[in-house]
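Novice: The following block contains a protein sequence and its predicted model.
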Amino acid sequence: MIAQAGYGNIRKYHMNEGHSALLTLELLNHRKRKENDELDFEAVRSQCVFTTHTPVAAGHDQFPYDLVAQVLGEVISFDYLRMLAGDEQLNMTLLALNLSGHVNGVAKKHGEVSQAMFPGYPIDSITNGIHALSWSCESFRNLYDRHIPAWRNDPLSLRYALNISLEEVWEAHMEAKRAIIEYVNRHLPKAFDPDVFTIGVARRATAYKRLDFILTDTDRLAQIAKTAGKLQLIYGGKAHPKDWPGKEVIKRIVNLSEKIDPSIRIAYLENYDMNLGALITSGVDLWLNTPLAPNEASGTSGMKASVNGVPSLSVLDGWWVEGCIEGFTGWSIGSAEHPDEVRELYNKLEYRILPTFYNKREEWIRIMQHCIAINGSFFNTHRMVQQYVLNSYFA
Ligand SMILES: *Cc1c(COP(=O)(O)O)cnc(C)c1O
């Protein structure tokens, strides 16, 4: 299809997940050895690279060979296909692994997790990024335009955010915060307050993401809100229509939002999409991420928060293993020393995060600056594409 569309001279084919791996079979047929008309695995391998995206099993497609025969026919001999894609079923990931010259996971940790899943295949990592210009809100775009004009095409220069005054960073943040709070108050009868510490949790509602993790012990949470300072939680996220456990999580959060102690407000916003995602990631004070490790391959919403100066409190999984500098760009949950994740979450909120936000505002805004300068400047697509070019396409 690519050749028919007029793109004949492709140097590298980049397979994103196994879904596109059938292209290797087509290439095998097109690049047979001239001398004897045999399949040339090495030639195809030198033209293909592969990125795997998830440790979750459902993300790795497998198809029975009788279905393959029925739908595709014999693209290459089934003996060869079984050798390349697995004996039992056509495993799309295995097919891609066997015919790619470079393979990567989407964060350092995910590279290691994938390496353990597929021993025998060297797996590198190239950490995901977000498009800084698209995911920064208007007030921060204006701030960067004033102080760091090069940032739009060179987000590496966001490192100079360390030179922007704390007052201006705070002003830009409060503008974004008022926008999401007004949105919440327009859509729900909740009376959210822009001066109250606001936590954002928005992503696909599926079990391993554990959206309701912070609500494990609502009594403890209410006690924290009373002693360390009030809390508001803004939720968003849809479940797949067939993901019943995912829908149960949403139900549980909405039920709790109606009966939780009044020192805590909870809003579950409908219609989570990229626009609402941008509004939430830019407007809250803290981004909360509590997936069940090691299932989060990378995660990107915390990166969106970073480029808007919003620190994360997150389980050490995916990109956060690289992005977290404790107390500097945010906070971690769940290290080898603290296997009790939920207690660690509550302790950090009570003793470090809320006191800094409410009583040491300057220190808080410095943390916001570090998020932009250290993480916004790095976890973006400009850096990511350069690494693909240097380490994968031309390696
Ligand atoms: C960013 C985003 C996601 C992905 O967020 P993760 O942290 O990678 O899970 C999903 N949906 C929407 C609408 C988003 O904006």
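Specialist: Alright, I've got the coordinates. Numbers count the residues shown, from 1 in each chain.

Novice: alpha carbons only for contacts and neighbour counts from here, please
Specialist: Will do.

Novice: What about I280, how many residues nearby?
Specialist: By other CA atoms under 10 Å, 31 other residues sit near I280.

Novice: now do R204
Specialist: 16.

Novice: What is the helix or strand hosting R141 packed up against?
Specialist: Secondary structure assignment for R141, by DSSP states H and E: helix 138-147. Other helices and strands packing on helix 138-147, by 3 or more CA pairs under 8 Å, 6 or more residues apart in numbering; DSSP states H and E, are helix 166-187.

Novice: now with 10 Å?
Specialist: Using 3 or more CA pairs under 10 Å, 6 or more residues apart in numbering; DSSP states H and E as the contact test, the elements touching helix 138-147 are helix 132-135, helix 166-187, helix 274-283.

Novice: can you pull the buried residues of the first one?
Specialist: For helix 132-135, a neighbour-count test (16 or more other CA atoms under 10 Å) marks A132, L133, W135 as buried.

Novice: which ones are touching the first one?
Specialist: Residues near A132 by CA atoms under 10 Å, 6 or more residues apart in numbering: 141, 151-156, 158, 303-304, 306-308, 376-382.

Novice: Counting neighbours, which of the residues you listed end up buried?
Specialist: 141, 151-152, 155-156, 158, 303-304, 306-308, 376-382.

Novice: Can you list which of those residues are found in helices?
Specialist: R141, M303, K304, S306, T381, H382 (DSSP state H).

Novice: quick one on the thing from earlier: any chance of CSV for the buried residues of helix 132-135, columns pLDDT and distance to the ligand?
Specialist: Putting the buried residues of helix 132-135 into CSV (pLDDT from 0 to 100; distance: CA to the nearest ligand atom, whole Å) gives the following:
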residue, pLDDT, distance to the ligand
A132, 98, 12
L133, 98, 14
W135, 98, 9
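
Novice: quick one: contacts of the helix or strand harbouring S314?
Specialist: Applying DSSP H and E as the criterion places S314 in strand 312-315. Residues from elsewhere that reach strand 312-315 (CA under 10 Å, 6+ apart): 199-200, 285-294, 296, 301-303, 305-306, 320-321, 323-324, 326-327, 329-335, 341, 345, 348-349, 353, 371.

Novice: give me that answer again for 7 Å
Specialist: Residues outside strand 312-315 that contact it (CA atoms under 7 Å, 6 or more residues apart in numbering): 286-291, 302, 320, 330-334.

Novice: That strand and the ligand, are they touching?
Specialist: No - figure legend: strand 312-315 not in contact with the ligand (CA under 6 Å from any ligand atom); closest approach 10.9 Å.

Novice: for the record, mean pLDDT for that strand?
Specialist: Per-residue pLDDT over strand 312-315 has a mean of 97.

Novice: try stretch 138-148
Specialist: For stretch 138-148, the per-residue pLDDT averages 98.

Novice: cool, stretch 30-39 as well?
Specialist: 92.

Novice: now do stretch 260-278
Specialist: The average pLDDT for stretch 260-278 rounds to 96.

Novice: follow-up on the earlier one: which one of the ones in helices among the buried ones among the contacts of A132 is nearest D61?
Specialist: The shortest approach to D61 among these belongs to T381, at 26.9 Å (CA to CA).

Novice: picking up where we left off before, residues contacting the helix holding R141, please?
Specialist: W151, A172, E175, A176, N308.

Novice: what's the answer for stretch 343-361, then?
Specialist: I224, A228, G229, I333, H338, E363, W364.

Novice: ok, now how distant is the fourth one from the ligand?
Specialist: If I follow you right, that is I333. Counting by CA to the nearest ligand atom, to the nearest Å, the gap from I333 to the ligand is 16 Å.

Novice: Determine the number of other residues adjacent to that residue.
Specialist: 21.

Novice: List the residues that contact it.
Specialist: I333 neighbours (CA under 7 Å, 6+ apart): S314, V315, L316, E341, E344, L345.

Novice: Next one: the nearest residue to it once chain neighbours are set aside relative to the ligand, how far apart?
Specialist: Closest residue in space to I333, ignoring its immediate chain neighbours: V315 at 4.4 Å, by CA to CA, 6 or more residues apart in numbering. To the ligand, V315 is 12 Å away according to CA to the nearest ligand atom.

Novice: With G73 instead?
Specialist: For G73, the distance to the ligand - CA to the nearest ligand atom - is 36 Å.

Novice: need the residues of the stretch 251-395 of the chain near the ligand, please.
Specialist: Y272, D273, M274, G277, G299, T300, S301.

Novice: out of these, which are buried?
Specialist: Y272, G277, G299, T300, S301.

Novice: Find the pair from those residues with maximum spatial separation.
Specialist: Y272 and G299, at 16.4 Å, using CA to CA across these.

Novice: quick one: low-confidence parts of the stretch 101-250 of the chain?
Specialist: Counting by pLDDT under 70, the stretch 101-250 of the chain contains no low-confidence range.
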